[in-house]
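*Asks:* Test case, fold it:
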Amino acid sequence: MEDSDYESVLCVKPEVHVYRIPPRTTNRGYRAADWQLDQPSWSGRLRITAKGQMAYIKLEDKTSGELFAQASVEQFPSIAVESVTDSSRYFVIRIEDGSGRRAFIGIGFADRGDAFDFNVALQDHFKWVKQQCEFAKQAQNPTPGPQLDLSFKEGQTIKLNIANMKKKEGVAGNAKSRMSGSMGMTLLPPPPGGRASAQLPPTEEHLPVGVAQAQPGLVPSTDAGLPWPQLNPTTAATADVWGDFAKAAGSCSSVSVASLV
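*Replies:* Numbering: from 1, shown residues only. Reported below is the predicted structural model:
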């Protein structure tokens, strides 16, 4: 089905009044005050439809929907639909019958909002028609836009400085290796808590009374934080510090109370 065969509804107003209007004698336009507004000739429903680029104003009976009159609108604003000069709720439309006869009648809305919707529906339809015409013209005569020419001209060359690229890559690699090395030193796992210090031999000041005297190879340590035993230079070559420590550890239970005093 072609678009011209499809009829769409643009606006429907349940109440509209029709008036007989006197012939216009001047070019000033129509005035609704010259009509007999309290005595409308007909009242019913107004419906605006569109078929292709044409719009149709149809006056129909409220109950049966029978068509009372119809106005064909080719463009807006035009002579087919005119506003009056003294009100925004009244319009003059040009109706026609099946035999081609035409006449001008006045229509009016009791609600000002209905008159506004009537006006906007016609404006939107012909704005859409104008856009469709512009799109059709652009499709038939496309306007080429500016194109960017990225091709090489005759004799044009490109110079790539590969040496500097390698040098930058080498500097970046060295910096990355130094960073990874420094990060590796700081991320070493800590030793198991309490086990290493328990296996180290104590110094003289950490030994019980009498035990340090039984080990001639130990030298009193002045640094309480130094965990390793200090050997006497005279006995370092012959003394077995770890063996003496084991013997001394076994003799801790035989320390007399007098020596502790």
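*Asks:* Next, the buried residues of stretch 11-26.
*Replies:* If you call a residue buried by 16 or more other Cβ atoms under 10 Å, then stretch 11-26 has these buried ones: 11, 13, 16-19, 21. In short, each C-beta sits where N, CA and C put it, glycine included.
*Asks:* And stretch 73-89, end to end?
*Replies:* Using Cα to Cα, to the nearest Å, the end-to-end distance of stretch 73-89 comes to 19 Å.
*Asks:* Quick one: mean pLDDT for it?
*Replies:* The average pLDDT within stretch 73-89 is 91.
*Asks:* list the buried ones in it?
*Replies:* Of all the residues in stretch 73-89, those buried under the rule 16+ other Cβ under 10 Å are 73, 76, 80-84, 87, 89.
*Asks:* So which of those belong to strands?
*Replies:* With strands defined by DSSP state E, the entries of the buried residues of stretch 73-89 inside them are 73, 81-83.
*Asks:* Export these as a markdown table, with columns for distance to residue 128.
*Replies:* Listed next are these as a markdown table, based on distance: Cβ to Cβ, whole Å:
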| residue | distance to residue 128 |
| --- | --- |
| 73 | 14 |
| 81 | 17 |
| 82 | 22 |
| 83 | 21 |
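*Asks:* so who does residue 108 touch?
*Replies:* Counting by Cβ atoms under 8 Å, 6 or more residues apart in numbering, residue 108 makes contact with 16-17, 19, 32, 37, 40, 89-91, 115.
*Asks:* okay, those residues in a markdown table with secondary structure and distance to residue 127 next?
*Replies:* What follows is the contacts of residue 108, written out as a markdown table (DSSP: H, G, I helix; E, B strand; the rest coil; distance: Cβ to Cβ, whole Å):
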| residue | secondary structure | distance to residue 127 |
| --- | --- | --- |
| 16 | strand | 23 |
| 17 | strand | 28 |
| 19 | strand | 29 |
| 32 | helix | 27 |
| 37 | coil | 31 |
| 40 | coil | 31 |
| 89 | coil | 23 |
| 90 | strand | 23 |
| 91 | strand | 19 |
| 115 | helix | 19 |
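*Asks:* which one of these sits closest to residue 52?
*Replies:* residue 91 (23.0 Å; Cβ to Cβ).
*Asks:* does the closest one really touch residue 83, like I thought?
*Replies:* Yes: under the criterion of Cβ atoms under 8 Å, residue 91 makes contact with residue 83 at 5.8 Å.
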